[in-house]
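Enquirer: Sequence and predicted structure, then a few things I'm wondering about:
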Amino acid sequence: MQRQLNLLQQFAGAFLKDVNLGVFLINTNFELVDISEMACRVLGLNKEEVMNQSIEQIFAKLPAQHRLVHRNILEGMVVRNHALSWTNNQERYELLLDSNVLRDDDNNIVGAYIIFKDVTNLRSLEEQVQRSDRLAMIGQIAAGTAHEIRNPLTSIKGFLQMLRKTLQVQGMEKESGFTDIMLGEINRINELVNEFLLLSKPKNVTYHALDISKVIKEIFPIINNEATLHSVVVRYEAAGQLPQVIADSELLKQVFLNICKNGIEAMVDGGHLVLTERVDVEERIVNIEIRDTGPGIPMFAIDKIFDPFFTTKDEGTGLGLSICQRIIHDVGGHIRVSSKGFGTTFTVGIPYP
């Protein structure tokens with residue numbers, strides 16, 4: 001019996017150390033008895049500092065509704081496959097959580113356990129497939145109707161320009177102003193049609209080995225000029241010699257310019273925009289982090305920002321980030337976003353051979 005107990009204890013120790021699961025063990029005083037290494041990594045905890053501490057003290061900085069563990073777990077509440085999001089040091093995780101109580105031989109509650117799995121990649125893949133389907137449908141519609149839209153618009157625009165000249169000659173400035181407004185709206189429709197067309201597979205795409213640092217340096221003056229207009233300071237943190245990736249340089253420029261422009265425009269009272277290069281050798285990915293000090297993205301919006309037509313801007317089309325995501329997905333990469341209510345970080349990851 002003692003040997004079996006020792007074996008179970010050894011298994012429990014090895015399980016907490018080696019398993020790729022987040023595990024919490026708590027006693028009836030709502031204190032942490034043990035925690036797995038994966039849970040410490042995902043939640044940003046130091047095991048030595050949190051052991052035997054009250055769960056409420058460990059998560060004291062978080063509002064009650066955002067805490068991972070709640071006291072009512074000790075009352076027998078069972079949780080199965082509860083989905084939640086967790087942000088740790090600008091890294092966002094999608095978790096699936098299970099919990100239950102632990103009972104002794106007399107059926108008395110002696111503690112509880114919480115187990116969670118990191119399903120970030122699975123959720124990301126599922127969302128990617130859904131968005132790709134929507135973008136493909138929109139692209140097909142756009143490709144089939146673009147000319148039908150543009151042809152009448154071109155005629156209307158031409159006649160309006162002639163009308164404007166006639167009104168100006170006759171001194172009808174007020175009426176001429178009306179034509180300026182209509183011409184501006186026609187231009188907006190044309191721009192929207194252009195963005196529609198970008199959602200379909202772009203033509204003349206040239207994939208080749210390239211240095212992302214060189215791409216960023218070529219567009220940095222444009223980013224800097226835009227930032228200056230909004231009283232934003234831009235800093236570029238290069239990583240030195242980056243591995244080359246396979247992509248189209250012009251499309252990458254479009255991605256980085258779009259994300260940087262969004263970040264700059266979000267900082268209405270000025271701020272800082274930081275571009276940082278990192279290499280994940282284990283995953284063989286070059287990561288470009290674009291971090292701003294703006295107000296952040298509301299929780300209700302953060303899961304929708306890549307959806308076609310979703311925008312928080314008064315004059316935005318909601319297609320920019322959708323197009324960026326499609327461009328990066330086409331080269332096998334990813335775009336991830338994290339925001340804690342102050343500042344936002346976009347991470348563009350592109351694999352290298």
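Expert: On my side now, so go ahead. Numbers count the residues shown, from 1 in each chain.
Enquirer: pLDDT weak spots in the stretch 51-200 of the chain?
Expert: For the stretch 51-200 of the chain, applying pLDDT under 70 flags the ranges 64-66, 89-90, 121-147, 194-200.
Enquirer: What helix or strand is residue 324 located in?
Expert: helix 320-330 (DSSP states H and E).
Enquirer: Next SSE downstream of that helix?
Expert: The helix or strand immediately downstream of helix 320-330 is strand 334-339, counting by DSSP H and E.
Enquirer: what sits up against that following strand?
Expert: By CB atoms under 8 Å, 6 or more residues apart in numbering, the residues outside strand 334-339 that reach it are 87, 90-92, 124, 128, 255, 259, 296-297, 302, 305-306, 321, 324-325, 328, 344-349. Where C-beta positions appear, they are placed from N, C-alpha and C, glycine not excepted.
Enquirer: Quick one: buried ones out of those residues?
Expert: Among the contacts of strand 334-339, the ones that count as buried by 16 or more other CB atoms under 10 Å are 87, 90, 92, 128, 255, 259, 296-297, 302, 305-306, 321, 324-325, 328, 344-349.
Enquirer: Go through these and flag which are in helices.
Expert: 128, 255, 259, 302, 321, 324, 325, 328 (DSSP state H).
Enquirer: Just flag the most distant two among the residues you listed.
Expert: Pairwise distances across those peak at 18.8 Å for 255 and 302 (criterion: CB to CB).
Enquirer: Can you point out the buried residues in stretch 57-65?
Expert: Neighbour counts over stretch 57-65 (16+ other CB under 10 Å) mark 58, 59 as buried.
Enquirer: I meant to write stretch 285-299 there.
Expert: 285-297.
Enquirer: Stretch 336-344 now?
Expert: Under 16+ other CB under 10 Å, the buried positions of stretch 336-344 are 336, 337, 338, 339, 343, 344.
Enquirer: do the same with stretch 80-87
Expert: Buried, per 16+ other CB under 10 Å, within stretch 80-87: 86, 87.
Enquirer: So among the buried residues of stretch 336-344, where is pLDDT lowest?
Expert: Within the buried residues of stretch 336-344, pLDDT reaches its minimum at residue 339, with 81.
Enquirer: Please identify the helix or strand for the nearest residue to residue 168 once chain neighbours are set aside.
Expert: Once flanking residues are discounted, residue 168 sits nearest to residue 176: 5.1 Å by CB to CB, 6 or more residues apart in numbering. Secondary structure from DSSP H and E places residue 176 in helix 173-199.
Enquirer: could you give the angle of that helix to helix 320-330?
Expert: Counting by axes from the mean of the first three to the mean of the last three CA atoms, to 10 degrees, helix 173-199 points 20 degrees away from the direction of helix 320-330.
Enquirer: Just after helix 173-199, pick out the following helix or strand.
Expert: strand 208-210.
Enquirer: From the contact counts, what lies against the helix or strand just after that next one?
Expert: Next helix or strand after strand 208-210 toward the C-terminus (DSSP H and E): helix 212-229. Applying 3 or more CB pairs under 8 Å, 6 or more residues apart in numbering; DSSP states H and E, one finds that helix 212-229 contacts strand 232-237, helix 249-266, strand 271-280, strand 285-292.
Enquirer: Can you lay out these as TSV showing mean pLDDT and distance to residue 332?
Expert: Output for the helices and strands packed on helix 212-229, formatted as TSV (pLDDT from 0 to 100; distance: least, CB to CB, whole Å):
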stretch	mean pLDDT	distance to residue 332
strand 232-237	91	25
helix 249-266	89	13
strand 271-280	91	14
strand 285-292	92	9
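Enquirer: Quick one: closest of those to residue 108.
Expert: It's strand 271-280; of the helices and strands packed on helix 212-229, that one is closest to residue 108 (CB to CB) at 47.6 Å.
Enquirer: How about the contacts made by the nearest residue in space to residue 247 that is not next to it in sequence?
Expert: Of all residues not flanking residue 247 in the chain, residue 331 sits nearest, at 4.7 Å (CB to CB, 6+ apart). By CB under 8 Å, 6+ apart, the contact set of residue 331 is 207, 245, 246, 247, 248, 350, 351.
Enquirer: what's the distance between the fifth one and residue 42?
Expert: Which is residue 248. Remark: distance between residue 248 and residue 42 (CB to CB, to the nearest Å) = 35 Å.
Enquirer: again, but for the third one
Expert: Distance of residue 246 to residue 42, computed by CB to CB: 31 Å.
Enquirer: Those two: which has the busier surroundings?
Expert: Just comparing residue 246 and residue 42: by other CB atoms under 10 Å the higher neighbour count belongs to residue 42, 19 against 14.
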